[in-house]
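> Got a predicted structure here, sequence first:
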Amino acid sequence: MSSDSVAIPVITPPGQGRAMSVFGDEVEFVITGEQTGGRFTQWIETTHPGGGPPPHYHTREDENFYVIEGSVEFFRAGVWMAATPGTAVFMPKGEVHAFRNAGATPLKMLITTVPSGFERFFERCAVEFAKPGGPDMSRVNEFASEHGIHFVHP
């Protein structure tokens, strides 16, 4: 979706976003690219203890994180760094990064990607993760590659 598309005003009350389960996390898209004319996507992600994505980078989106509650560690430049609620994190496209819930309670973050499109990746993955017997990870990796997301081994 182009950033030249029409954006519409959006007010999403708590719990009224588009919710899905993916990668063991619960996500609620509160503002989508369809609403912003492709400018950005924003969601609340709840990650269970020990959860989080492996190191990866995006070729299309910058990613912004705001820690709402819980204990989190962010991976950047080969190092894990602890962050507390109220911390804001920016990872530009091309930067290898990851996060993990380092605590014993759910981690909740507000995440924004610029431009939009990340929600389509999650939608495709959510369908795969909902399959009986679990996801075919080769399909998930295929989806990631198609959306410019590349997993790496630090």
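Thanks, I have the structure now. Residues are numbered from 1 along each chain as shown.

> where along the protein do the strands fall?
Using DSSP state E, the strands of the chain run over residues 18-22, 25-31, 41-47, 56-58, 62-69, 72-76, 79-83, 88-91, 97-101, 107-114, 149-151.

> which neighbours does the fifth one have in its sheet, and in what orientation?
Applying DSSP bridges to the sheet, strand 62-69 is found paired with strand 88-91 (antiparallel), strand 107-114 (antiparallel).

> right, so of these, which gets closest to residue 16?
When these are compared by CB to CB, strand 107-114 sits nearest residue 16, at 15.1 Å. Quick note: C-beta positions are derived from backbone N, CA and C, even for glycine.

> Could I get the average pLDDT for the closest one?
Across strand 107-114, pLDDT averages out at 98.

> likewise stretch 136-152?
Averaged over stretch 136-152, pLDDT sits at 93.

> can you list contacts of it?
54-61, 96, 117-118, 120-121, 124-125, 128-129 (CB atoms under 8 Å, 6 or more residues apart in numbering).

> try 10 Å
By CB atoms under 10 Å, 6 or more residues apart in numbering, the residues outside stretch 136-152 that reach it are 22-23, 53-61, 93-94, 96-98, 117-118, 120-125, 127-129, 131, 135.

> related to what we said a few turns ago, turn the strands of the chain into a markdown table, columns for mean neighbour count and distance to residue 10.
Output for those, formatted as a markdown table (neighbours: other CB atoms under 10 Å; distance: least, CB to CB, whole Å):
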| stretch | mean neighbour count | distance to residue 10 |
| --- | --- | --- |
| strand 18-22 | 16 | 12 |
| strand 25-31 | 20 | 5 |
| strand 41-47 | 22 | 9 |
| strand 56-58 | 19 | 23 |
| strand 62-69 | 17 | 17 |
| strand 72-76 | 19 | 27 |
| strand 79-83 | 13 | 27 |
| strand 88-91 | 16 | 21 |
| strand 97-101 | 21 | 26 |
| strand 107-114 | 20 | 13 |
| strand 149-151 | 16 | 25 |
